[in-house]
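Chemist: quick one: sequence and predicted model below, then my questions.
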Amino acid sequence: MSTNALLPPRPAIHDSALSLIGGTPLVRLDRIAREEGLECNLLAKVEGFSAGGSVKDRIAKRMVEEAERAGVLIPGHSILVEPTSGNTGIGLALVAALKGYRCIIVMPEKMSTEKQNTLKALGAEIYRTPTEAAWDSPDSHISLAKRIVATTPGAVMLDQYNNVNNPDAHYYTTAPEILDSLAAVPSTEARPSSQTVDVIVAGTGTGGTLSGLAKRLREANPQLVSVGVDPVGSILARPESLNEMKDGDSPIYKVEGTGYDFVPAVLSHPDINHWMKTRDAESFAMCKRLIRSEGLLVGGSSGASVAAAVAWLKSDEGRQVAGGVKGKNVVVVLADSLRNYITSDWLNEDSTPVHHLASLSLDQKN
Ligand code: PMP
């Protein structure tokens, strides 16, 4: 382990699950890299290992603790209210459970039953809004959360779309963790490494993850290339022409947690060099490859991010920058875990069959 680590080592005994937020592993995607003919080190930051199961635990913890420090949140009095695609909600509900806050989560209907059940288990109160409601319509999850805050004494919306502690959580924790991991592993002939991040790839919802990561990782390596991943049907990518729909494209996508119909203030476009648009089919197909060939139990947006990373690394520019270069480190954020999607159609439609004793042939039964 490098003696110049940016972060302190993890404690041998954790004081609570709060300290199990973040501290996630960096894992080589060697099988996918080999199958795709990539020469670089393809690495995954596997955020599903965080206490609440996603990258958003980090912002929940930081937004709450900074609001407490600023006197905006008063323990035992304040009520947390947040619009979310679910993972920020789970992070907030976990932090709220540990710190004793009441927590109200507002989430579009599209989001999985598994997320709802996890929120319920953590004791959060849940409101669901129509998926198709535009962000600024009265029916949206954002508008309803604002109305709940306006009518609930003690309610506070930490507002992940506008809160600097969203990108800052990644600037101060996710990025230094990655840099520490890379610095701790020496470059060898068998495993060459630049020991810094050359390319960072992440899905964008609020954009906080990629914006905070790109800012900090670029301070460590000014040549950093950052790649944003945005589903077809969303408008976050730049140039805006990328967001134009082609014949046969649907504005509806099933992948959860990425894409929006407005640009959140925490999404810093100047920090993002390239954008890739992804479709559900390629995202879910790559998610299944991550599960079956790498053994990583991740969610659909992780599949989108790896599919986009591979496509960019195989493009002319991507191959030159990293895809065809030994020792370059490409880090892809795998934002959440399969726990959120266990009963989803896309996971189960072509999964392996289950054999029930009653329907086995006679010689298998005996
Ligand atoms: N993937 C998933 C599954 C998510 O829940 C989120 C957060 N909405 C993201 C990716 C994108 O993270 P961010 O909001 O930081 O852009």
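Modeler: Now that the structure is in, tell me what you want to look at.
Chemist: the stretch 1-150 of the chain: strands as residue ranges?
Modeler: 26-28, 41-46, 79-83, 102-108, 125-129 (DSSP state E, counting those that start in this stretch).
Chemist: and of these, who's closest to Ala175?
Modeler: strand 41-46 (9.8 Å; C-beta to C-beta). C-betas here are computed from N, CA, C, even on glycine.
Chemist: adjacent strands (with direction) for the closest one?
Modeler: Sheet pairing here is set by DSSP bridges, and for strand 41-46 it gives strand 26-28 (antiparallel), strand 329-334 (parallel).
Chemist: make TSV from the strands of the stretch 1-150 of the chain and add distance to Ile252 and mean pLDDT to it.
Modeler: Compiled in TSV, the strands of the stretch 1-150 of the chain are given as follows (distance: least, C-beta to C-beta, whole Å; pLDDT from 0 to 100):
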stretch	distance to Ile252	mean pLDDT
strand 26-28	32	98
strand 41-46	28	99
strand 79-83	19	98
strand 102-108	12	98
strand 125-129	16	98
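Chemist: now render those as CSV, adding distance to Leu7.
Modeler: Formatted as CSV, the strands of the stretch 1-150 of the chain follow (distance: least, C-beta to C-beta, whole Å):
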stretch, distance to Leu7
strand 26-28, 13
strand 41-46, 14
strand 79-83, 27
strand 102-108, 28
strand 125-129, 34
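Chemist: closest to Ile272 out of the ones you listed?
Modeler: strand 41-46 (17.1 Å).
Chemist: quick check, that closest one touching the ligand?
Modeler: No: residues of strand 41-46 contacting the ligand under C-beta under 6 Å from any ligand atom: none, with a closest distance of 12.0 Å.
Chemist: contacts only, for the nearest residue to Tyr127 once chain neighbours are set aside.
Modeler: Excluding its sequence neighbours, the residue lying closest to Tyr127 (C-beta to C-beta, 6 or more residues apart in numbering) is Val106, at 4.6 Å. If a contact means C-beta atoms under 8 Å, 6 or more residues apart in numbering, then Val106 has 81-84, 126-129, 141-142, 144-145, 148 as its contacts.
Chemist: hmm, 7 Å instead?
Modeler: Going by C-beta atoms under 7 Å, 6 or more residues apart in numbering, Val106 touches 83, 127, 129, 141, 144-145, 148.
Chemist: equivalent analysis for Arg102, please.
Modeler: Arg102 makes contact with Ile79 under the criterion C-beta under 7 Å, 6+ apart.
Chemist: what separates it from Ala124, distance-wise?
Modeler: Arg102 sits at a distance of 9 Å from Ala124 (criterion: C-beta to C-beta, to the nearest Å).
Chemist: now Ile21
Modeler: Separation of Ile21 from Ala124 (C-beta to C-beta) stands at 17 Å.
Chemist: and if you look at Glu47?
Modeler: Distance from Glu47 to Ala124, by C-beta to C-beta: 20 Å.
Chemist: these two: which has the busier surroundings?
Modeler: Neighbour count, other C-beta atoms under 10 Å: between Glu47 and Ala124, Glu47 has more, with 28 against 23.
Chemist: which bits of the stretch 51-200 of the chain sit near the ligand?
Modeler: Counting by C-beta under 6 Å from any ligand atom, the stretch 51-200 of the chain sits next to the ligand at 54, 56, 85, 87.
Chemist: between the residues you listed, which sits nearest Arg69?
Modeler: Of all those, Lys56 has the smallest distance to Arg69: 20.2 Å, by C-beta to C-beta.
Chemist: where in this protein is pLDDT low?
Modeler: 1-3, 365-366 (pLDDT under 70).
Chemist: domain ranges for it?
Modeler: For the chain, whose domains are defined here by the TED database, the residue ranges read 17-53+166-334, 56-157.
Chemist: got TSV for those, with distance to Ser344 too?
Modeler: Listed next are those as TSV, based on distance: least, C-beta to C-beta, whole Å:
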stretch	distance to Ser344
domain 17-53+166-334	8
domain 56-157	6
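Chemist: which of those domains sits closest to Val354?
Modeler: domain 17-53+166-334 (16.6 Å).
Chemist: endpoint to endpoint, that closest one covers what distance?
Modeler: Length of domain 17-53+166-334, first residue to last, C-alpha to C-alpha, to the nearest Å: 21 Å.
Chemist: likewise for stretch 187-194?
Modeler: Stretch 187-194: ends 7 Å apart by C-alpha to C-alpha.
Chemist: go on, stretch 195-207?
Modeler: Stretch 195-207 end-to-end distance (C-alpha to C-alpha) = 25 Å.
Chemist: cool, and stretch 332-351?
Modeler: 25 Å.
Chemist: what's the answer for stretch 23-42, then?
Modeler: Stretch 23-42 has an end-to-end distance of 19 Å (C-alpha to C-alpha).
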